[in-house]
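any chance you could fold what I've pasted below:
(one chain, ligands or ions: 1)
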Amino acid sequence: GNIQNDSDLMHIIHVTPEMAPIAKVGGLGDVVTGLARACLSRGHTVYIMLPFYECIQKQHINDLALLITFNAYHDGNWGQSVYGGAYNELEAYLFFNRASLEWMQVTGTQPDIIHVHEWQTGALPLLYWDMYHNLSLKKPRIVLTIHNMEHYGECRIEQLSKSGVDGSIYATEDKAIDERTIGHNPERLSLLKGGIVYSNAVVTVSPTYLNETLCSGWLSSTLIRNRDKYFGVLNGIDTAMWNPATDAFLPAKFHAQKPEGKSSCKYYVQRGLGLVSTDTLAGPHVSDITDRVPLVVCISRLVAQKGLHLITSAIKHVEELGGQMVVLGKASDGRLEREFEGLANLHNQGPSIRILLMYSEELSHMLYAAADMVLVPSIYEPCGLAQMIGMRYGAVPIVRKTGGLADTVFDMDDQSNHEISNGFVFEGIDEGSLNWALDRAFAYYREKADEWNSIVERVMEIDNSWNNSAGKYIEIYQSVRVRL
Ligand code: ADP
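Below you'll find the predicted structure:
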């Protein structure tokens, strides 16, 4: 029902390093797919340009056909690929940026918007304004989304030159130089910074993260200079994939108007993981008893950004409080893996804690459905999906007040937010701050059951779908497009 009048319909081309589900590492892949679908359903035309990574499984793609071959420039040659021989990730992405524009030029495809993502496509805006806009591409305007500001796309001047522009003209403070390297030999460029400077609009994935990035980090001065075209738009979640009313992974389905299935999911998971004592199993009111033990889940990549020491403290404190906790996570390196394996060995035979060190889509669905509370104690979090998914599955979020977590979770005890309060929020990065949030959540759960049930229903009804956010992106597209 959102189709606008024809003159407002746009052609959008995403140029992106990831797209779910065929080429996905993290949230970026989901965002591209979710946003593209939402724009399509509003009547816009959307194309997605993605590198043909070797790991992409061809049998998972329907109707894959070769439409055109053409040459693109890299390092003095016109060729079809830089792969093979000495493969360099950065140069491969530079080639991909140039080849994407070359394709538009060769085929005469002029979208209203070219939407680029992260440093991997940060060189595209600069190649566009330097070269292709002076050739035949007059219409497109460029939007960049930054999903995580930690990756700058460091690039040597002569590497950028390989894409066919004179890299040295970008080595100034107002253009693409990485300010941290000024005066060093060699100085470096940042493709992310170049992308910010040369895009018509820049978006990051939550309003709070936008403010945080204006206040700290070496890119803040660039972002402040470009403040007028810098926007914060929350990511949405895919509400078809994440739907407890239809989710094929769940032993029982449920939704806000019919929440009973949730306790079956909880009991199923507790039994499956051995979190139900054998005494209880023998008794007559099995699910009633375990149902009153609060179950906290934490589903996360195990990297420093996610607040690992807080995850560890939570395990300890939940046990002290007589609750249960399940961590599902994959460690990013060997040292962390061994540390968490140590914790798993310590706890996994006990009655209340399970630490599962793997990546499992299926388990993640079951755990969100089983959970009374979902913990997201990140040190920083550009947007965060776990708290939004958890809420849709009736798990009350306990989060650190940072980035997108601060924009989606509002504390139950904060009087100024009472109508929208939906969880428990703490600010500090110390154990005490976290414990205080857990204490309050457990107290609500145990002492105010009616109120707890109404929070659970409320969080399940919150709309974090792409519906809202796609509308905001479309407004941004409309504000920069030109009509030729
Ligand atoms: P990030 O993109 O930084 O990893 P987000 O919160 O934006 O963080 O997205 C994380 C997504 O990955 C969520 O959908 C979460 O459920 C999922 N996830 C993280 N770790 C695992 C895991 N070990 N198994 C299954 N899903 C996971």
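
the stretch 101-250 of the chain: helices as residue ranges?
All helices of the stretch 101-250 of the chain, identified by DSSP state H, counting those that start in this stretch, fall at 123-130, 157-161, 191-198, 207-215, 220-225.

show me how the protein divides into domains.
What automatic domain parsing lists as the domains of the chain is 6-236+467-480, 261-463.

wait, Leu135 touches Met104, no?
No: applying Cβ atoms under 8 Å as the test, Leu135 and Met104 come out as separate, 10.0 Å apart. For glycine as for every other residue, the C-beta is placed from the backbone atoms N, C-alpha and C.

in terms of neighbours, single out the busier of these two.
Set Leu135 next to Met104 and count neighbours by other Cβ atoms under 10 Å: Met104 wins out with 22 against 10.

I figured the more buried one hits Ile13, correct?
Yes: counting by Cβ under 8 Å, Ile13 is a contact partner of Met104 at 7.3 Å.

what touches both of those two?
Common contacts of Met104 and Ile13 (Cβ atoms under 8 Å, 6 or more residues apart in numbering): 111, 114, 140.

top of those by neighbour count?
Counting neighbours by other Cβ under 10 Å, Ile114 comes out on top of those with 30 neighbours.

for that residue, give me the pLDDT.
Model confidence at Ile114, given as pLDDT, is 98.

what bridges to it?
Counting by DSSP bridges, Ile114 is bridged to Ile13, Ile142.

picking that back up, I'd like the domains of the chain laid out as a markdown table, including distance to the ligand.
Below are the domains of the chain laid out as a markdown table (distance: least, Cβ to the nearest ligand atom, whole Å):
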| stretch | distance to the ligand |
| --- | --- |
| domain 6-236+467-480 | 3 |
| domain 261-463 | 4 |
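
among those, which comes closest to Thr246?
Closest to Thr246 of the domains of the chain is domain 261-463 (Cβ to Cβ; 11.3 Å).

wait, Val276 touches Tyr268, no?
No: at 10.3 Å, Val276 does not count as touching Tyr268 under the criterion of Cβ under 8 Å.

between those two, who's got more neighbours?
Val276 (20 against 17).

for Val425, give me phi and psi.
The phi/psi pair for Val425 (degrees, to the nearest 10) reads phi -130, psi 140.

ok, now which ones touch it?
398-401, 405-406, 409-411, 414, 437.

list buried residues within those.
398-401, 405-406, 409-411, 437 (16 or more other Cβ atoms under 10 Å).

helices - which of the residues you listed land there?
Mapping the buried ones among the contacts of Val425 onto helices (DSSP state H) picks out 405-406, 437.

and the end-to-end length of stretch 315-332?
With Cα to Cα, to the nearest Å as the measure, the ends of stretch 315-332 fall 20 Å from one another.

got JSON lines for the buried ones among the contacts of Val425, with pLDDT and distance to Ala65 too?
Below are the buried ones among the contacts of Val425 laid out as JSON lines (pLDDT from 0 to 100; distance: Cβ to Cβ, whole Å):
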{"residue": "Ile398", "pLDDT": "98", "distance to Ala65": "49"}
{"residue": "Val399", "pLDDT": "98", "distance to Ala65": "45"}
{"residue": "Arg400", "pLDDT": "98", "distance to Ala65": "47"}
{"residue": "Lys401", "pLDDT": "98", "distance to Ala65": "49"}
{"residue": "Leu405", "pLDDT": "98", "distance to Ala65": "43"}
{"residue": "Ala406", "pLDDT": "98", "distance to Ala65": "46"}
{"residue": "Val409", "pLDDT": "98", "distance to Ala65": "45"}
{"residue": "Phe410", "pLDDT": "97", "distance to Ala65": "49"}
{"residue": "Asp411", "pLDDT": "97", "distance to Ala65": "53"}
{"residue": "Ala437", "pLDDT": "98", "distance to Ala65": "53"}
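
among those residues, which lie within strands?
Judged by DSSP state E, those include 398-400 as members of strands.

show me which of these is closest to Tyr170.
The shortest approach to Tyr170 among those belongs to Arg400, at 37.2 Å (Cβ to Cβ).

do you know the pLDDT at the closest residue to that closest one other than its chain neighbours?
Once flanking residues are discounted, Arg400 sits nearest to Pro377: 5.0 Å by Cβ to Cβ, 6 or more residues apart in numbering. Per-residue confidence (pLDDT) for Pro377: 98.

next, count neighbours for Pro377.
25.
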